[in-house]
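Trainee: Structural data only, the sequence is not supplied:
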């Protein structure tokens, strides 16, 4: 095989591998979920059963200073392009009622909607 053909094949193969790597080089952690809005969670009122019914099984569970904490998380990391993340973290009191929660997102549409909300 002539050298020119080997070089051309080598360059084409390298470009193909780079493109393939770009398409498949992402990692997803957690479970996709849709935040239903702050109206679905009321501190001092919403129960663990209510949260489970609305959001399903949490991705991660644990404790924060003795209080039960559930985390719903979705993390899509890309080698090329922007990563997308979404977190809903809920802390319950000793009676299983929401004590505190927070929601954060880097999803473009959701982020824009939150940024442009009127106070």
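Mentor: Received it, and whenever you're ready, just let me know what you need. Keep in mind that what you see is a predicted model, and the values were worked out from it rather than measured.
Trainee: Okay, buried residues for stretch 71-91 please.
Mentor: 72, 73, 74, 76, 84, 85, 86, 87, 88, 89, 90, 91 (16 or more other C-beta atoms under 10 Å). C-beta: built from backbone N, CA, C; applies to glycine.
Trainee: Which ones among these lie within helices?
Mentor: Among those, DSSP state H puts none in helices.
Trainee: From those, which land in strands?
Mentor: 72, 73, 74, 76, 84, 85, 86, 87, 88, 89, 90, 91 (DSSP state E).
Trainee: if I pick the fifth one, what's in contact with it?
Mentor: With contacts defined as C-beta atoms under 8 Å, 6 or more residues apart in numbering, residue 84 is in contact with 74, 75, 76, 106, 107.
Trainee: Residue 95: what secondary structure?
Mentor: Under DSSP: H, G, I helix; E, B strand; the rest coil, the three-state class of residue 95 is coil.
Trainee: So, low pLDDT: which residues of the protein?
Mentor: 1-11, 13-25 (pLDDT under 70).
Trainee: Quick check, central residue of it?
Mentor: residue 74 (2.1 Å; C-alpha atoms, centre = their mean).
Trainee: beta partners of that one?
Mentor: Taking DSSP bridges as the rule, residue 74 bridges to residue 30, residue 86.
Trainee: distance of it from residue 53?
Mentor: To residue 53, residue 74 is 19 Å away according to C-beta to C-beta, to the nearest Å.
Trainee: What of residue 106?
Mentor: 27 Å.
Trainee: does the residue nearest to the centre of the chain really touch residue 103, like I thought?
Mentor: No - between residue 74 and residue 103 there is no contact under C-beta atoms under 8 Å: 11.8 Å.
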